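Student: Give me a model of this one.
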Amino acid sequence: MNKNPNQPTLLIIDDEQDIAVLLSTVLKREGFEDVHMASTAKEGLDAFKRLMPDLVLLDIMLPDGNGYDLFSEFQQIKKVPILFVSAKDEEIDRLLGFALGAEDYITKPFSPKEVAYRVKARLKWLMGEVQTPIQDKKIHFGVFCIDPDAGEVRKAGKLLDFTAKELKLLFYLAQNPNRILSKEMICTAVWGEDFIGFDNTISVHIRKIRLKIEDDPSNPKWIQTVIGLGYKFVAKGDVR
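Tutor: Below you'll find the model as predicted:
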């Protein structure tokens, strides 16, 4: 049977077979036809190389390794949305996951249907559920250029390493210069979800972007925090 080209390929890596099967079943009920499973780090890496999936649900504690290391190996091969699924629910674990570049961190036990909707939210562009894609328009500010179509951010012509989510977040901020954007607005525009539970996610992504575009990330010129209100991309006459 030929794969529907509009169907994303999903990979679940979890050594708890019952959870992996449950997730696979629910995802298929929600319309995802191409779902694969692996139960070890080695199987997961082999499957990733073979399938080149569009999204990965990744457990952190695996019998022959950990999800953090596996995440880094995946990123060297292909940058795709990765959602950590773990019984480790300490804040430090979640922050580490987001610091690595994960799209989400879901703690066990969880609602499989909720996970399915989180997956959908991150694959809207691929599945054609969003009517208006990122604008076909480059944005220049200072020595930087954002090219959403190419998925690139350049500094004085030099390509910077940005994840898809970081690119989308920076593009959204730069589209709205000198305007205070609440975390609720950012979450809706960039993640396509309600703000609840995304406070740390947004803060981590903002910090990572600042490290890449600010001369002094602790005293940012471009992305400023407006305490109690949100963030503002400050670019008086610089954006074009």
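Student: Quick check, residue 26 in contact with residue 115.
Tutor: Yes - look at residue 26 against residue 115 with CB atoms under 8 Å: they come within range, at 7.3 Å. C-beta: built from backbone N, CA, C; applies to glycine.
Student: for the protein, what helix or strand is lowest in average pLDDT?
Tutor: Least confident helix or strand, the chain: helix 124-127 with a mean of 55, by mean pLDDT, DSSP states H and E.
Student: which residues in the chain form strands?
Tutor: 9-13, 34-38, 55-59, 61-62, 65-66, 82-86, 104-107, 139-141, 144-147, 152-155, 158-159, 180-181, 223-226, 230-233 (DSSP state E).
Student: Could you break this protein into its assigned domains?
Tutor: 9-127, 139-233 (automatic domain parsing).
Student: Least reliable of those domains by average pLDDT, please.
Tutor: Sorting the domains of the chain by mean pLDDT places domain 9-127 lowest, at a mean of 84.
Student: chain center to that domain, what's the gap?
Tutor: 12 Å (CA atoms, centre = their mean, to the nearest Å).
Student: Check stretch 156-176 too.
Tutor: Per CA atoms, centre = their mean, the centroid offset for stretch 156-176 relative to its chain is 13 Å.
Student: May I see the buried residues of it?
Tutor: For stretch 156-176, burial by neighbour count (16 or more other CB atoms under 10 Å) applies to 160, 162-163, 165-176.
Student: of all these, which comes closest to residue 148?
Tutor: Of all the buried residues of stretch 156-176, residue 148 sits closest to residue 171, with 5.3 Å by CB to CB.
Student: Could you tell me how far the most centrally placed residue in the chain is located from residue 143?
Tutor: Residue closest to the average C-alpha location in the chain (CA atoms, centre = their mean): residue 103, at 3.1 Å. Between residue 103 and residue 143 the computed distance is 29 Å (CB to CB, to the nearest Å).
Student: What of residue 215?
Tutor: 11 Å.
Student: likewise residue 33?
Tutor: Residue 33 is 45 Å from residue 143, by CB to CB.
Student: Residue 72 now?
Tutor: 29 Å.
Student: And for residue 174?
Tutor: For residue 174, the distance to residue 143 - CB to CB - is 14 Å.
Student: cool, and residue 189?
Tutor: Counting by CB to CB - residue 189 and residue 143 are separated by 25 Å.
Student: Between the two, which has more neighbouring residues?
Tutor: residue 189 (16 against 11; other CB atoms under 10 Å).
Student: Sweet, I'm off.
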